[in-house]
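In: sequence below, structure please.
(chains A, B and C)
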Amino acid sequence: MFTLNQIAEALGRPVVGDGTATFARASEPDSAGPDDLALAMSPSYADALKSGKARVAILWDGADWESFGLSGAVLVPRARLAMAGISAALDAGPQMNIGVHPTVIIGDGAEIADGVSIGPYSVIGAGVRIGRGARIAAHVTMAEHATLGGDALLMQGVRIGSYVTIGDRFIAQPGAVIGGDGFSFVTPEESGVERARKTLGDQGDIRAQSWTRIHSLGSVTIGDDVEVGANTTIDKGTIADTRVGRGTKIDNLVHIGHNNRIGEDCLICGQVGMAGGSRVGDRVVLGGQCGVNDNISIGNDVVAGGATKIFTRVRDGEVILGSPAVKMETNMAMYKALRRLPRALEQLAELRKIVTIKVQGSRHDD
Amino acid sequence: MFTLNQIAEALGRPVVGDGTATFARASEPDSAGPDDLALAMSPSYADALKSGKARVAILWDGADWESFGLSGAVLVPRARLAMAGISAALDAGPQMNIGVHPTVIIGDGAEIADGVSIGPYSVIGAGVRIGRGARIAAHVTMAEHATLGGDALLMQGVRIGSYVTIGDRFIAQPGAVIGGDGFSFVTPEESGVERARKTLGDQGDIRAQSWTRIHSLGSVTIGDDVEVGANTTIDKGTIADTRVGRGTKIDNLVHIGHNNRIGEDCLICGQVGMAGGSRVGDRVVLGGQCGVNDNISIGNDVVAGGATKIFTRVRDGEVILGSPAVKMETNMAMYKALRRLPRALEQLAELRKIVTIKVQGSRHDD
Amino acid sequence: MFTLNQIAEALGRPVVGDGTATFARASEPDSAGPDDLALAMSPSYADALKSGKARVAILWDGADWESFGLSGAVLVPRARLAMAGISAALDAGPQMNIGVHPTVIIGDGAEIADGVSIGPYSVIGAGVRIGRGARIAAHVTMAEHATLGGDALLMQGVRIGSYVTIGDRFIAQPGAVIGGDGFSFVTPEESGVERARKTLGDQGDIRAQSWTRIHSLGSVTIGDDVEVGANTTIDKGTIADTRVGRGTKIDNLVHIGHNNRIGEDCLICGQVGMAGGSRVGDRVVLGGQCGVNDNISIGNDVVAGGATKIFTRVRDGEVILGSPAVKMETNMAMYKALRRLPRALEQLAELRKIVTIKVQGSRHDD
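Out: Predicted structure coming up:
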């Protein structure tokens, strides 16, 4: 059980009413029971709140809390930010005992700091270093000479490759793979695809060739406070490391190819794909299913809408959309025009008919 | 070895010819050997059937089975439906012994019903409940307080998160992750991306800010008879659970973000991505690589073609296509017009020239 | 430490200067230290090379190596190809001891050739065959009767399904799933989606129906020299096997559905999705996030740019782009026209106004 005072303190906001009132969990306002803290942080939840049974609630700033029959409440000005505080305060986190499970296999020379938990059957390679207070769930592998920062959290089945370096407070959801080999191949002679890229479409004479592998001598470097989603993959670099900057958050099933360098405080949503060798600035937001071509540069503070495919350079602060990506306003103008196009083609045909007749008529007049 | 009578019974259809004829496996008609059951459920397979060596076959309704030199056959009216029956009858299923492998680690208070199989090195958390006859392969993890229904099947390396609730006869292919944390972050003050969404493109003044995490207090609830593909990820909800309704089938590498609520009997194909907080009705079909924006509503019986990107509300029964999604017929009209556009622009330019001359000429005449 | 002579031999190129000069690792030219081999294979790296401290380098053909203060160098004509040789020569590969770890569980009748390594907690099913010199990392599962060729490499957590057949020198990055069940379902009666595909948009009367599963009786067959990326999934076939031909390379998070048949020496980039039942020829290159419809045919030597969605047949040697895919030059013409469309619609409106006036005016004249 929590008290309203506890959550108020976590949010840095005063209690109105009885701060000693208790609750067991947070709930949506309409389904809240008498042991629940109702979350109703906008006036649009007022009716739902009345139909629920909560005795305590988090309400929008300015709410007439007494009118809802509550014994107490906390009023907050910015709902999403309050959600961060509330959810952090109430999240028990994954159940992990401090200590290394006896089934864990640890390689020679690995250094494991104090207060580290490692779950059943995890395998820690030679020379690995794990920082103080890190928590590692079951079935995780860390290959030789990988480094994990303090207070990091690796969920079930996460794979950390050899020589990967990760900062403090890193979180990886289940199945994330940090440090697979880069996807880099070359043909003995110039290939059709190389020629097609140069000529924008002409492969020239096609010759059968097989692909030779370019190995990844680099690894991956990840800054502090990064989070990586379930089954996301981040590949090693060819010579230098692939890089993800401090504070960047990456969603599920994202593909970060080799040699990409991503800045700080970015938000990279589900199923984004980055081919390889590109640079992404700081505070960039890539919506779900965006694609980033190889070897391009995306500036700081760029925002790309969902499913935007970025083939060429993007400047600082641009808001882009579409495939290929253009400024959002350009995309919208193009799309609006395209919606009108079938009708416009009819108008054009009519016009041609009239003008042809007219021209002929006028010729006749001459 | 199977007999033709066995498969006829499974299909609820009569045998023509010798029902005691035996076969070892199903094959394509042209490569079928004398021990094979040839699957030739449309007249287009007649020639292939002749070039194979099968003595028994499943044929299209009305086939002259004796003309193919078979000793027996079963004739079926709907090929794909017959495939379901045939494949179910002949599938031996994964090799799993009933019982819990001695290497399995089981947490306090876990309840495992009769007839459950759990493969090597799987880890079952505290308070987990597993229904009668469920089969769990090697290397599976179920975190604390997860519930799995009867006759469910979890393949290798599946990850079930804490407090996830799953119905009967659930199937999860290898590497599926049910119950990773939702991807939800907020900046202390309104961010550029929030402003860009409001204004459709204008971020306003850009200010450096870091992302604060919104934890997932909810989990995932999945109904009966659901299937989830390899390496697919379904995230926990923020307050309430993310939901997948009874009978819904989800393919590989699909991303279902937090707070989504998906109805019953849906078909969600490979690499579909759903951002978060959206509702999908019953019997919805989303083709491969579709994208669903956050916080939108998709009605019942909607069909979306491959790679459709759904940014806004879709009504019951609509068939949609394109990026952004529109009705399929609208998409086709727009695309047809776009194909004609380069030529139309030339025509427009010619017309402008003529009309300008004409106008000037006619001005001259005046 | 390596010598310059060693790397020259690996590349089949002569040393210029002191071949006995040593280095510890390869580096980018500007950050290279005195123990590094600087990789500067194009004249554009000349300045970077001067600012680094390398004493040995790989340089572009024709470089004036002495001007960079080096003690020795190797000059190469084709940089990317040289990278393959250099990276192969310097890659130590994953740390794996020859031998089977005592925690490995091996099923009845499995045949494991000489020189095979299998890492901790891996589970090898009954009847599995593993070829000479294969290396299998920790946490891998191979289900019953799977076959893996010689000198193959399976990284951490790879899942190989039952009856999968894989050739020599196969490489699978962490989390790849080869041989999950195909995604194939049917309704008892024709479904809305079947009708919508036939009619291009009309579902007819909608009737509530549930999906019946079509089981996968086939498996997966993969040729020699194939590589598969992290968390990629390749599904089993329905009757015959899903096939990937010799020499084909597949990147991360790719989805290859059931019954697809992919030719030799293809390059399939990150997050490509193939629905099912399609044929892809030899030497086909599919850029990142491409989609391939079900039951279509793609010829040999096709090149598809990033995010191309292929709905219909593609002929040998075509270079395609866009959604839906068209020849790259057609796509570019359409896109160029679309960019001009908003302005063209204005011109069309002006023209209509003029012509209408003119027509009226000229009518008046009559």
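
In: poorly predicted segments of chain A, please.
Out: For chain A, the stretches with pLDDT under 70 are A:358-366.

In: can we see that at 80?
Out: Applying pLDDT under 80 to chain A picks out residues A:97, A:206-207, A:356-366.

In: so what's the gap between the lengthiest helix in chain A and the chain middle?
Out: Looking across chain A with DSSP state H, the single longest helix is helix A:328-365. Helix A:328-365 sits 44 Å away from the centroid of its parent chain (C-alpha atoms, centre = their mean, to the nearest Å).

In: cool, and stretch A:277-289?
Out: Distance, centroid of stretch A:277-289 to centroid of chain: 10 Å (C-alpha atoms, centre = their mean).

In: check for me that A:V16 belongs to a helix.
Out: No. Counting by DSSP: H, G, I helix; E, B strand; the rest coil, A:V16 is not part of a helix but strand.

In: and the stretch 1-150 of chain A, which of its residues are near chain B?
Out: A:25-28, A:31, A:39, A:78, A:80-81, A:83-84, A:87-88, A:90-91, A:94-95, A:103, A:119-121, A:137-139 (C-beta under 8 Å from any C-beta of the partner chain). Yep, even glycine has a C-beta here, placed from its N, CA and C like the rest.

In: so what's the nearest residue to A:N300 once chain neighbours are set aside up against?
Out: Once flanking residues are discounted, A:N300 sits nearest to A:G281: 3.6 Å by C-beta to C-beta, 6 or more residues apart in numbering or on different chains. Residues in contact with A:G281, defined by C-beta atoms under 8 Å, 6 or more residues apart in numbering or on different chains, are A:263, A:298-302, A:316.

In: quick one: which of those sit in strands?
Out: A:I298 (DSSP state E).

In: now which of the contacts of A:G281 would you call buried?
Out: A:263, A:298-302 (16 or more other C-beta atoms under 10 Å in any protein chain shown).

In: which residues in chain A form helices?
Out: Going by DSSP H, chain A shows helices at A:4-11, A:46-51, A:79-90, A:192-199, A:328-365.

In: CA atoms only: put the second one into PDB for me.
Out: In PDB, the C-alpha atoms belonging to helix A:46-51 read as follows (Å, rounded to 0.1, in the frame of the first residue of the first chain):
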ATOM      1  CA  ALA A  46     -14.400  14.000 -15.100                       C
ATOM      2  CA  ASP A  47     -17.400  11.700 -16.000                       C
ATOM      3  CA  ALA A  48     -15.200   8.600 -15.900                       C
ATOM      4  CA  LEU A  49     -14.000   9.600 -12.400                       C
ATOM      5  CA  LYS A  50     -17.600   9.900 -11.200                       C
ATOM      6  CA  SER A  51     -18.500   6.400 -12.400                       C
END
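
In: and it, how far out from the chain middle?
Out: Worked out by C-alpha atoms, centre = their mean, helix A:46-51 lies 33 Å from the chain centre.

In: now it: buried residues?
Out: So, applying 16+ other C-beta under 10 Å, buried residues of helix A:46-51: A:46, A:49.

In: counting contacts, what elements does it pack onto?
Out: strand A:36-40 (3 or more C-beta pairs under 8 Å, 6 or more residues apart in numbering or on different chains; DSSP states H and E).

In: residue contacts, the closest residue to A:D316 other than its chain neighbours?
Out: In this structure, A:D316 finds its nearest non-sequential neighbour in A:G299, 3.6 Å apart by C-beta to C-beta, 6+ apart. A:G299 sits next to A:281, A:284, A:314-318 when contact means C-beta under 8 Å, 6+ apart.

In: now do the contacts for A:V164.
Out: A:143, A:146-147, A:178-179, A:219-222, A:236.

In: cool, and A:D108?
Out: A:126-127.

In: so how far is chain C from it?
Out: Here A:D108 is placed at a distance of 10 Å from chain C (C-beta to the nearest C-beta, to the nearest Å).

In: quick one on the thing from earlier: check whether the longest helix of chain A contacts chain C.
Out: Yes. Counting by C-beta under 8 Å from any C-beta, chain C is contacted by helix A:328-365 at A:333-334, A:336-338, A:340-341, A:344, A:347-348, A:351, A:354-355, A:358, A:361-362.

In: could you do stretch A:143-158 as well?
Out: Yes. Part of stretch A:143-158 sits near chain C under the criterion C-beta under 8 Å from any C-beta, namely A:143-144, A:157.
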